[in-house]
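Visitor: I need the structure of the sequence given here:
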Amino acid sequence: MPVPFAEDAPLTEPAFFACELDIVLSHLSETGVWQAIEAELNRRTRRIDRLVPETVRLDATTISGKHLVSEEGLFQFGYSKDDPNLAQVKLMLASLDPLGMPVATQVVSGEQADDGLYIPAFEQSRATLAEKDVMWVGDCKMGAVATRSHIHHHQHYYLMPLARTGQVPEWLAQWLSQMRQVPPDLHQVKTQRYDGAEGASLSGYGMKRGVEGQITQVNRHELKIEQHQQTFGWRVYVSNAPEERLSFEQAVLTYIGMNGLSNRASIVSKVSL
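Guide: Residues are numbered from 1 along each chain as shown. A predicted model of the protein is given here:
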């Protein structure tokens, strides 16, 4: 027979039986309570393992299924790479490299776009980590000027592919044309796998440009210096990290990853403007 559950009673094994577990989880599911648990767990884990946060990855995913959809429920119909006929819930996860250790989670209803989830996840993670000069890595949806301005304003760095929207396709054509007319000095990059073995090698160049974005919190404009890195796979990477913080080689290795390169040499562009 289940043991009665009391608010001030210590947690023991019987408290995790089916009936009592539901009561326990109902308290833990409150946003403020759960985020406090995450923050304390991160502080304790990092103190024990002495983890130094240098790179945090932000990525969103969806969990879909046959669920009833209500107006205020988490499961909603939205853009889906799986089955658009299934309701889904969206999860944004911040994880610490190289262990993939979760730092923060944001759970929202499934119809919401990814773009608006990066800043809340960044803020939750930033409060937990406390350090500055952290590299935040994400996909192209993290490349919105508002998101990059927010990260830059708090003295952190970002790295993500630049979405091929707006003027980016024109820039790509211009960069390739310039490269053919005046071959640039190429940087040699050798990759290293996580097991220490030598991976693929490549050579390339990059370019820099200034971008102005409004920081709404302080109502002013911040100037960001971005570094683009382009491969012939038509990938353009954007980062606000200075050269002493994130070299060309480090940017390539950080985002592309060791297993995503072929054995033959690839070309990544680097041009200074």
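Visitor: CA atoms for contacts and neighbours, from now on please.
Guide: Will do.
Visitor: Which stretches in the stretch 51-200 of the chain count as helices?
Guide: 118-129, 145-153, 168-181 (DSSP state H, counting those that start in this stretch).
Visitor: Could you dump those into a markdown table and include mean neighbour count?
Guide: Converted to a markdown table, the helices of the stretch 51-200 of the chain look like this (neighbours: other C-alpha atoms under 10 Å):
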| stretch | mean neighbour count |
| --- | --- |
| helix 118-129 | 18 |
| helix 145-153 | 20 |
| helix 168-181 | 13 |
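Visitor: Same list, the ones you listed, but as TSV with distance to A197 please.
Guide: Formatted as TSV, these follow (distance: least, C-alpha to C-alpha, whole Å):
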stretch	distance to A197
helix 118-129	31
helix 145-153	34
helix 168-181	32
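Visitor: May I see those organised as JSON lines, with mean pLDDT added?
Guide: As requested, those are arranged in JSON lines below (pLDDT from 0 to 100):
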{"stretch": "helix 118-129", "mean pLDDT": "90"}
{"stretch": "helix 145-153", "mean pLDDT": "87"}
{"stretch": "helix 168-181", "mean pLDDT": "82"}
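Visitor: Out of those helices, which is closest to S239?
Guide: helix 145-153 (9.0 Å; C-alpha to C-alpha).
Visitor: Extract the C-alpha trace of that closest one and format it as PDB.
Guide: Extracted in PDB, the C-alpha atoms of helix 145-153 (Å, rounded to 0.1, in the frame of the first residue of the first chain):
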ATOM      1  CA  VAL A 145      20.800  40.300 -36.200                       C
ATOM      2  CA  ALA A 146      18.800  40.700 -33.000                       C
ATOM      3  CA  THR A 147      20.200  37.400 -31.600                       C
ATOM      4  CA  ARG A 148      23.800  38.100 -32.600                       C
ATOM      5  CA  SER A 149      23.500  41.700 -31.200                       C
ATOM      6  CA  HIS A 150      22.300  40.300 -27.900                       C
ATOM      7  CA  ILE A 151      25.100  37.800 -27.600                       C
ATOM      8  CA  HIS A 152      27.700  40.400 -28.600                       C
ATOM      9  CA  HIS A 153      26.400  43.000 -26.200                       C
END
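Visitor: That one to helix 118-129, inter-axis angle?
Guide: 20 degrees (axes from the mean of the first three to the mean of the last three C-alpha atoms, to 10 degrees).
Visitor: could you say what helices and strands helix 145-153 packs with?
Guide: Counting contacts by 3 or more C-alpha pairs under 8 Å, 6 or more residues apart in numbering; DSSP states H and E, helix 145-153 is packed against helix 118-129, strand 157-161, strand 198-215, strand 220-231.
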